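Visitor: Predicted structure and sequence below. I'll ask about it afterward.
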Amino acid sequence: MESQDDKLALLSDESNPFFSTPHFDGHPSVLIRGSRIGELTRQELAEVIQDAWLARASTRRATTWLQEHRLPH
């Protein structure tokens, strides 16, 4: 997640498999219930993983990856 607002928006929809715990309060990370991962499409799961990686990657690596995949940054 890029921000706390993004995290809260994702967690506000109780119909999705994402959740958090007090341990992650104040951190943009979200968790996913493994037993519910099948509720996500392959594309949704890929997007969540890509966003997580981009949030932690160096600016250079993230920019390079986005250029190679022609995604806006």
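Guide: Happy to help now that I have it. Residues are numbered from 1 along each chain as shown.

Visitor: phi, psi of residue 19?
Guide: As for residue 19, its main-chain torsions (degrees, to the nearest 10) stand at phi -160, psi 180.

Visitor: Pull the contacting residues for residue 24.
Guide: 30-31 (CB atoms under 8 Å, 6 or more residues apart in numbering). For every residue, glycine as well, the C-beta is placed using N, CA and C.

Visitor: Output the lowest mean pLDDT helix or strand found in the protein.
Guide: Sorting the helices and strands of the chain by mean pLDDT, DSSP states H and E puts helix 4-12 at the bottom, at a mean of 86.

Visitor: Show me what counts as buried in that helix.
Guide: Using 16 or more other CB atoms under 10 Å as the test for burial, helix 4-12 gives 7, 10.

Visitor: for that helix, packing partners?
Guide: Helix 4-12 sits against strand 18-19, with contacts defined as 3 or more CB pairs under 8 Å, 6 or more residues apart in numbering; DSSP states H and E.
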